[in-house]
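1. Show me the folded form of this:
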Amino acid sequence: MSEPSAQTAPSAAPAPAAAPAQNATPAAPALTPAQKKAQAKAEKAARRGQVVAAKVVPPAQNSPAAKAPKKTAVAAGGPTPVPAAAQKAKGPKIPDMYSHLHTAKKLPLSKADKDVHPSVLAIGQQMANFTLKDNSARLEAMLVAFMKCLNPQIDYLIGCRPMCASMGNAIRMLKAKIANLVELNVPDEEAKKTLRAAIELFIQERILYAEDAIVSKAVSIIEDDETILTYGHARLVRLSLQKAHAIGRKFKVTVVDDAADEALDCSGRELAKILHNDGIEVTYQPQLFGIDSHIKSVSKVLLGAEAMFANGSIYAPAGTAEIAEAAKNSDVPIVALLETVNCDRERISAGTLTYNEIDPEAFEADSFRLLFDTTPGKHISIVVTESEEANASGSTSAILSALKRLDERHVNSN
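-> Purely as a prediction, here's the structure:
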């Protein structure tokens, strides 16, 4: 007998029976045109089934082979499958020296712990997309959310973006307060009332009062006929310049910008527009290039800061260190404004790579940008805080000591 047709495939519908051999009886009748057409159609379907089976072979659900690595496509000569995560990968490969730095990211709500309060979820998303970008705004939003609902909440926020120094200080205060209440065996309702009062006091003293006090101190050191240089758009700097102008001080402002910072909507261009609309004479420099020549024409540098470390280093938007170095080289005094709640008395920073974040808006295929840099304390002439103990010309140690006393007062207050 002749061999079966090689075109028959297990996955295809069975084709009509092949014609018998010549010595078989009875002789097969001739196929009608309709039968020939059906046979051709079945053979075509069988060939198509062979191609599909060669590329994708469904694994047996209960066989040992089902547990083995899936190598079907490679073994059959098909293309090597690319994992979905690799197809969606964006941005450059981070060098090892930057691998410890964080990039703000939007964590899917589905991946958040079930105990994370909805208000904390909302804040985390706003932090990740930089809708909440100012350090005091992030701190206040966090504390207000905590009044409604600590560990799952904190973990979620850290997952979205590293906490700023002020947030860390507030959390330490809250944990110390909670530990104190637990030790005293305070009833739940009374404990909740005490915690809410502590949070409200923290917001009033360390954020709202601090802002007013710092602005008043900064205004007192802005003199008539000065030209003040600032960098980017720092909230405390803007408020100080606006108040000084409002009380009749006559001065000029040079705003230096970083074009790369515009993606985060906190560029100096916006500050220049605001001050110009207020009636202040403003010169706008759109980039850091040529900062040495700009510094020579100013009498003072006024800068905002994200944090101050225990060794006196200032953590501020990337480019601040370059401004400070140029000012020091030209003997121009540098004034840094920050609340004591942004002082970190536990950590020190030796350079830009000690603590930092990667800009999620400048994360390209072949490059990335750091959000902050670290300015050595020796480059800063004056640090202005709200503390009376650490006055407008207070040293780093005096400011950190004042912070410790404030924290102790919040923990021990009723």
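2. wait, what's in contact with residue 284?
-> Shown in contact with residue 284 (C-beta atoms under 8 Å, 6 or more residues apart in numbering): 254-255, 257, 268-269, 272. From N, CA and C alone the C-beta is placed, and that goes for glycine too.
3. What ranges in the stretch 301-414 of the chain fall below the confidence cut-off?
-> Scanning the stretch 301-414 of the chain for pLDDT under 70 picks out 389-398, 400, 402-403, 406-407, 410-414.
4. Please tabulate the contacts of residue 284 in a markdown table and include neighbour count, secondary structure and pLDDT as additional columns.
-> Below are the contacts of residue 284 laid out as a markdown table (neighbours: other C-beta atoms under 10 Å; DSSP: H, G, I helix; E, B strand; the rest coil; pLDDT from 0 to 100):
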| residue | neighbour count | secondary structure | pLDDT |
| --- | --- | --- | --- |
| 254 | 21 | strand | 98 |
| 255 | 27 | strand | 97 |
| 257 | 22 | coil | 93 |
| 268 | 25 | helix | 92 |
| 269 | 16 | helix | 92 |
| 272 | 23 | helix | 96 |
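5. Determine which two of the residues you listed are furthest apart.
-> For the contacts of residue 284, the maximum inter-member distance is 13.2 Å, found between 254 and 269 (C-beta to C-beta).
6. measure residue 276 to residue 319 for me?
-> According to C-beta to C-beta, to the nearest Å, residue 276 and residue 319 sit 22 Å apart.
7. actually residue 100, not the one I typed
-> 22 Å.
8. Could you chop the chain up by domain?
-> Domains of the chain are assigned by automatic domain parsing as 102-207, 212-412.
9. Would you mind telling me which of residue 276 and residue 319 has the busier surroundings?
-> The neighbour count for residue 276 versus residue 319, taken as other C-beta atoms under 10 Å, is higher for residue 319 (20 against 14).
10. Render the CA-only coordinates of stretch 182-193 in PDB, please.
-> Written as PDB, here are the backbone C-alpha positions of stretch 182-193 (Å, rounded to 0.1, in the frame of the first residue of the first chain):
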ATOM      1  CA  VAL A 182       1.300  54.000  74.800                       C
ATOM      2  CA  GLU A 183       3.600  54.000  77.800                       C
ATOM      3  CA  LEU A 184       1.100  56.200  79.800                       C
ATOM      4  CA  ASN A 185      -1.700  53.800  78.800                       C
ATOM      5  CA  VAL A 186      -3.900  56.600  77.500                       C
ATOM      6  CA  PRO A 187      -7.400  55.600  76.300                       C
ATOM      7  CA  ASP A 188      -7.900  55.400  72.500                       C
ATOM      8  CA  GLU A 189     -10.200  58.400  72.100                       C
ATOM      9  CA  GLU A 190      -8.000  60.600  74.300                       C
ATOM     10  CA  ALA A 191      -4.900  59.400  72.400                       C
ATOM     11  CA  LYS A 192      -6.500  60.200  69.000                       C
ATOM     12  CA  LYS A 193      -7.400  63.700  70.300                       C
END
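11. Report the distance from that stretch to the chain centre.
-> Chain-centre distance of stretch 182-193: 35 Å, with C-alpha atoms, centre = their mean, to the nearest Å.
12. need the helices for the stretch 301-414 of the chain, in chain order.
-> Taking DSSP state H, counting those that start in this stretch to define them, one finds helices in the stretch 301-414 of the chain at 320-329, 396-412.
13. again with the chain
-> All helices of the chain, identified by DSSP state H, fall at 33-55, 72-75, 84-88, 118-128, 135-148, 151-160, 165-183, 188-203, 210-220, 235-246, 268-277, 291-295, 320-329, 396-412.
14. now the residue nearest to the spatial centre of the chain: how far from residue 332?
-> By C-alpha atoms, centre = their mean, the mean C-alpha position of the chain lies nearest to residue 104, the distance being 1.8 Å. Taking C-beta to C-beta as the measure, residue 104 falls 33 Å from residue 332.
15. partners of residue 316 in the sheet?
-> residue 373 (DSSP bridges).
16. low-scoring stretches of the stretch 151-300 of the chain, by residue?
-> Residues of the stretch 151-300 of the chain meeting the criterion pLDDT under 70: 260-266.
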